[in-house]
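Undergrad: Can you look at this prediction? I've put the sequence above it.
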Amino acid sequence: MPVYSLNINGKIQKVDADSDTPLLWVLRDNLRLLGTKFGCGVGSCGACTIHMNGNATRACLMTVSSIGTAKITTIEGLSAKGDHPLQLAWDEVDVPQCGYCQTGQIMTAAAFLKKNPTPTLEQVETAMNGNLCRCAAYHRIREAVLAASQKTK
Amino acid sequence: MEHTLHQERRDFLRKVSLSAGGLLLGFTLFEDLAAQSGKGHVIEGVRHDFNSYLSIGTDGSITIASPNPELGQNIKTSFAMIVADELDADWSRVTVVQAPLDTSKFDRQLTGGSGAVPHSWKRLRTAGATARQMLIAAAATTWNVPASACTAENGFVIHKASGKKSSYGDLVTIAAKLNVPTDVPLKNHKDFKLIGKPIRNVENKNIVIGKPMFGLDFYRDGMVYAVIQRPPAFGSKIKSVDDKAARAVKGVSDVVRFGNNVAVVASSTWAAMKGRKALQINYEADKALESSSDHADIFSKLMDSPNARIQRKEGDVNAAFKAAAKVIKREYECPFVPHNPIEPMNFFADVRPDKVELIGPTQTPGSARRAVSDLLKIPENKITVDITRLGGGFGRRLKFDYVVEAAEISSIIKKPVKVIWSREDDMGGGSYRPAVRYRFEAALDANNNLIGYKLKGVGINAGNPTRENNFPSGSVDNLLIESLDHNSPITTGAWRAPITNFLAYAEQAFLDEVAEAMGKDPVQMRLDLLQKARTNPAGPVRYDIERMETVIKSVAEKSQWGKKPGTSQGISIYFSHASYVGQVCDVVMQDGKPVIKKITSVADCGVVVNSSGAQQQVMGGILDGMGHAMYGKLSFNAGEPEQKNFNVYKHIRMKGIPEVEAHFVDNGKDPTGLGEPALPPAGGAVANAIYKATGKRLYRQPFVEQEPFKSAE
Ligand code: FES
Ligand code: FES
């Protein structure tokens, strides 16, 4: 199997995987970075959202061979101590229900707030619409994104 | 029972769960992983168990075991709050752990039917209060003062007269040796310090950093991965299998056929998925391959069948309908829907000749173990079940088919294995909410009194799709409720608020039409019926009239019922499981289209344990109910589901969600559960408000396929 050198959370990681393996499964099975979740495998739920060069990207849709030297950030690399403003807001607003979708939600929100630090409610809804929360914790997800945006202002 | 706390976690877990009164302490299933990443936590000192739920360390740390599976209903937080409140514990010192299956210590170790808190309320309170009393007794003995002169507060016992104060940690060694008192008094509700407060989910900090805690996150060195091909169509079976190409896929180690399933076993999830894709399997029909169009015909036939089962009968309906001045007759229909918890089904199994280890997300660990025991002919006491956090359940994980699969594959290949379902496997794999059709009929006399009421419910693998004792039963003198079921190869199962998740909508939409025909306000019409049930009941009344009245009046008031010009409102009230929930939906017209603006909810679930968690259950339950009413539909072609992933099956998303306002009735009654009851009324409130706004009645789900939404799309 080919060996790929991936730049993940600021570290170069060597992985041995078939070229068509989705990054999602490389992160999970090979690197045990388990905060990136599997929900659909077709780009329709957002549970697997990571950052690729700062852009929110679905890890289930990227093959390992297509990553090259791109900088990948997973939830484990979002902050040193789990203290990204969004992570703090998620706790303060008490967002999670089952919690499974939430790392993907946070990754989508983090990339979005970088580009638009002071969004309107409608802009938050549009940005977050691709992230399914089957528990429908949408009110609080929205509130937490807005709360974090106030703080990063 | 005393433990030192530096033992290796797995031994430790086994040892304590085998020892009477033992307790799984501050470890999680994933501690091995946490230790690898340098984040493992070590608790210094000695720990004493007071009962199955509670253990206190000499360092003052408190460990509370939560036996019921956590799937987002927030049980892990609520359970611990109840124990900690009666204990007068310092909440910041509390760690909550998921207990493994242990029938010697816990009964009803399952999640379903909104029953966990109601079942455990007294048990949990007693667990905390008993330990508190023992700690007080320990202090009183030490200080040589009467126990009655001591109080407990925030992790300390205090003797006010002398100013003496001792922490639980300092007292625990003595306290644990005392006889366990019985008949321990519980707190007055007004003295609750945690119960009723908004306490954040105890797992928040772990969830937001992506800490492994779900079933799919469980890995063990040496395990293999299995993906299973099941028959794609309900009613078909395997004719032949060619697994040559699958076996040639790199990483595939085994292809195993069991029953009508073929499992591909590999060294990674992706290799197993690729191997599965390479399988060549021919199927043949062994039962009817039903399509959605067949279901429509089946419904019509059942509806006209004279063979329905009578669920409840009062008075003489035939005479009432003959004498009626007005008859209203309407039919409602809902399709199958999948549960679609966001974490697909998965389970880990390691079957050895002398012991079996099962680890993963299940709502019903006890039944899962029994089924594995039956299959493998291994006694239950040789099988352990560890419960991971569940990425949603909605009833799907009450079935344990995927647990049994994992055990079966492990027993065949003699390796530890994790079975992983893809989303397509999950959505295509059955156990759906059953499809049903209802016919409601109401007879009004010349004075617009409701003198007769009929409901016939027909379903596909729905069992009894009616709830014959729910309102308005008891308030109508002549009543007939019947049901009839069709046996289908399409499998069905409990789906969040089973049956009532759809029945409530149909019934509440129908009652709205009846009120209109009577010329009555829908709120007043319901109150009048309840008054009738009180003064002159027709047969048994199985709901609490007063609680229902309170909820109706309260939701009318909170929603400013009838007092919002320019807003069209619809009301829906439902008693499900053991709680009462009323909802009013506000719809406004924007650019000629109806927009669902707000849903106001009032719930009577008795004591609210965690006001933050309760808000979540109501907000989530309403959006879940509304979302499925709007969009939910799984259709079939020749036995095969036509939607198998989120790209073609629509769930409610964030954009355009209505505002939700959740209120609670504060009546001090014992808690009655909240995981399900907020869902059933939502569809009816929406349908009734849409009618007010547009004049269009909604008789089928999903609403988006009906007017007024269809042409607005
Ligand atoms: S798993 Fe990647 S979007 Fe759903
Ligand atoms: S919290 Fe359960 S899916 Fe979002």
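TA: Yep, it's here. Numbers count the residues shown, from 1 in each chain, chains lettered A, B, ... in the order given. Ligands and ions are numbered 1, 2, ... in the order given.

Undergrad: The nearest residue in space to residue B:209 that is not next to it in sequence: what's it in contact with?
TA: The shortest distance from residue B:209 to any non-neighbouring residue, by Cβ to Cβ, 6 or more residues apart in numbering or on different chains, is to residue A:82 (4.1 Å). Glycine gets a C-beta too; all of them are placed from N, C-alpha and C. With contacts defined as Cβ atoms under 8 Å, 6 or more residues apart in numbering or on different chains, residue A:82 is in contact with B:205, B:208-209.

Undergrad: try 10 Å
TA: With contact set as Cβ atoms under 10 Å, 6 or more residues apart in numbering or on different chains, residue A:82 has these partners: A:75-76, A:88, A:90-91, B:204-211.

Undergrad: ok, now residue B:323?
TA: Residues near residue B:323 by Cβ under 10 Å, 6+ apart: B:316, B:443, B:445-446, B:451-452, B:478.

Undergrad: what mean pLDDT would you report for stretch B:128-135?
TA: When the per-residue pLDDT values of stretch B:128-135 are averaged, the result is 96.

Undergrad: wait, I meant stretch B:598-618
TA: Mean pLDDT, taken over the full extent of stretch B:598-618, equals 97.

Undergrad: Figure out the helix or strand that the residue of the stretch 501-650 of chain B found nearest ligand 1 lives in.
TA: Residue nearest to ligand 1 within the stretch 501-650 of chain B: residue B:646 (7.0 Å; Cβ to the nearest ligand atom). Here residue B:646 sits in a region with no helix or strand, counting by DSSP states H and E.

Undergrad: quick one: the closest residue in space to it that isn't next to it in sequence from residue B:707, how far?
TA: On the basis of Cβ to Cβ, 6+ apart, the spatially nearest residue to residue B:646 that is not a chain neighbour turns out to be residue A:44, at 3.7 Å. Counting by Cβ to Cβ, to the nearest Å, the separation of residue A:44 from residue B:707 is 28 Å.

Undergrad: more crowded one of those two?
TA: Neighbours were counted for residue A:44 and for residue B:707 using other Cβ atoms under 10 Å in any protein chain shown; residue A:44 has more, 20 against 14.

Undergrad: The helix or strand where residue B:86 lies near chain A anywhere?
TA: When elements are defined using DSSP H and E, residue B:86 is found to belong to helix B:75-87. Yes. If you take Cβ under 10 Å from any Cβ of the partner chain as the test, helix B:75-87 does meet chain A, through residue B:77.

Undergrad: Return that helix as CSV; C-alpha atoms alone will do.
TA: These are the backbone C-alpha positions of helix B:75-87, laid out as CSV (Å, rounded to 0.1, in the frame of the first residue of the first chain):
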residue,chain,number,x,y,z
ILE,B,75,-30.1,10.8,31.5
LYS,B,76,-26.5,10.7,32.6
THR,B,77,-26.8,14.3,33.9
SER,B,78,-30.3,14.0,35.3
PHE,B,79,-29.7,10.7,37.2
ALA,B,80,-26.6,12.1,38.8
MET,B,81,-28.4,15.3,39.8
ILE,B,82,-31.1,13.4,41.6
VAL,B,83,-28.6,11.4,43.6
ALA,B,84,-26.3,14.4,44.3
ASP,B,85,-29.2,16.6,45.4
GLU,B,86,-30.4,14.2,48.1
LEU,B,87,-26.8,13.6,49.1
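
Undergrad: So the residue nearest to residue A:116 when sequence neighbours are not counted: helix, strand or coil?
TA: In space, not counting the residues next to it along the chain, residue A:116 is nearest to residue A:123; the distance is 6.2 Å by Cβ to Cβ, 6+ apart. Secondary structure of residue A:123, reduced to three states by DSSP: H, G, I helix; E, B strand; the rest coil: helix.

Undergrad: Now for residue A:123: which residues touch it?
TA: Applying Cβ under 10 Å, 6+ apart to residue A:123 gives the contacts A:112, A:116, A:145, A:149.

Undergrad: now the strands for the stretch 601-713 of chain B?
TA: When assigned using DSSP state E, counting those that start in this stretch, the strands of the stretch 601-713 of chain B occupy the ranges B:636-637, B:640-641, B:659-664.

Undergrad: buried ones in the longest one?
TA: Meaning strand B:659-664. Within strand B:659-664, the residues that count as buried by 16 or more other Cβ atoms under 10 Å in any protein chain shown are B:660-664.

Undergrad: on contacts alone, who are the packing partners of it?
TA: In this structure, strand B:659-664 makes packing contacts with helix A:138-152, helix B:545-558, strand B:579-590, strand B:593-604, helix B:611-631, judged by 3 or more Cβ pairs under 10 Å, 6 or more residues apart in numbering or on different chains; DSSP states H and E.

Undergrad: just the first one next, same as before
TA: Under the contact criterion of 3+ Cβ pairs under 10 Å, 6+ apart, strand B:636-637 touches helix B:292-304.

Undergrad: Quick one: residues in contact with the helix or strand following the helix it packs on.
TA: Taking DSSP H and E as the definition, the helix or strand that follows helix B:292-304 towards the C-terminus is strand B:309-314. The contact list for strand B:309-314, computed with Cβ under 10 Å, 6+ apart, reads B:452-453, B:455-457, B:464-470, B:473-474, B:476-485, B:537-540.

Undergrad: I would like the C-alpha coordinates for strand B:309-314, written out in CSV, please.
TA: The C-alpha trace of strand B:309-314 is given here as CSV (Å, rounded to 0.1, in the frame of the first residue of the first chain):
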residue,chain,number,x,y,z
ARG,B,309,-60.4,-5.9,16.2
ILE,B,310,-62.5,-3.9,18.6
GLN,B,311,-60.1,-1.9,20.9
ARG,B,312,-62.8,-0.1,22.8
LYS,B,313,-66.5,0.3,22.6
GLU,B,314,-68.9,2.5,24.5
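
Undergrad: And that strand, what's buried?
TA: Along strand B:309-314, the positions that meet the burial threshold by neighbour count (16+ other Cβ under 10 Å) are B:311-312, B:314.

Undergrad: now do stretch B:448-465
TA: Here stretch B:448-465 shows B:448, B:450-462, B:464-465 as buried, counting by 16+ other Cβ under 10 Å.

Undergrad: Give me the buried entries from the contacts of residue B:323.
TA: Buried among those (16+ other Cβ under 10 Å): B:443, B:451-452, B:478.

Undergrad: got those as TSV, with secondary structure, pLDDT and distance to chain A columns?
TA: Converted to TSV, the buried ones among the contacts of residue B:323 look like this (DSSP: H, G, I helix; E, B strand; the rest coil; pLDDT from 0 to 100; distance: Cβ to the nearest Cβ, whole Å):
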residue	secondary structure	pLDDT	distance to chain A
B:443	strand	98	39
B:451	strand	98	41
B:452	strand	98	39
B:478	strand	98	40
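
Undergrad: Count residues in the vicinity of the residue in chain B positioned nearest to chain A, would you?
TA: Scanning chain B for the residue nearest chain A gives residue B:210, at 1.7 Å (criterion: Cβ to the nearest Cβ). Around residue B:210 sit 26 other residues, with neighbours defined as other Cβ under 10 Å.

Undergrad: can I get the CA coordinates of stretch B:272-292 in PDB?
TA: Taking Å, rounded to 0.1, in the frame of the first residue of the first chain, the C-alpha atoms of stretch B:272-292 are listed here in PDB:
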ATOM      1  CA  ALA B 272     -14.500  -4.100   4.300                       C
ATOM      2  CA  MET B 273     -16.700  -1.600   2.500                       C
ATOM      3  CA  LYS B 274     -14.800  -2.100  -0.700                       C
ATOM      4  CA  GLY B 275     -14.900  -5.900  -0.300                       C
ATOM      5  CA  ARG B 276     -18.700  -5.700   0.200                       C
ATOM      6  CA  LYS B 277     -19.100  -3.700  -3.000                       C
ATOM      7  CA  ALA B 278     -17.300  -6.500  -4.900                       C
ATOM      8  CA  LEU B 279     -19.600  -9.200  -3.800                       C
ATOM      9  CA  GLN B 280     -21.800 -10.800  -6.500                       C
ATOM     10  CA  ILE B 281     -25.000 -12.000  -4.900                       C
ATOM     11  CA  ASN B 282     -28.100 -13.100  -6.600                       C
ATOM     12  CA  TYR B 283     -31.400 -12.900  -4.700                       C
ATOM     13  CA  GLU B 284     -34.800 -14.400  -5.200                       C
ATOM     14  CA  ALA B 285     -38.100 -13.600  -3.700                       C
ATOM     15  CA  ASP B 286     -39.400 -15.700  -0.900                       C
ATOM     16  CA  LYS B 287     -42.200 -13.400   0.200                       C
ATOM     17  CA  ALA B 288     -44.200 -10.600  -1.300                       C
ATOM     18  CA  LEU B 289     -42.000  -7.800  -2.700                       C
ATOM     19  CA  GLU B 290     -44.200  -4.900  -1.700                       C
ATOM     20  CA  SER B 291     -44.200  -1.500  -3.300                       C
ATOM     21  CA  SER B 292     -45.700   1.700  -1.900                       C
END
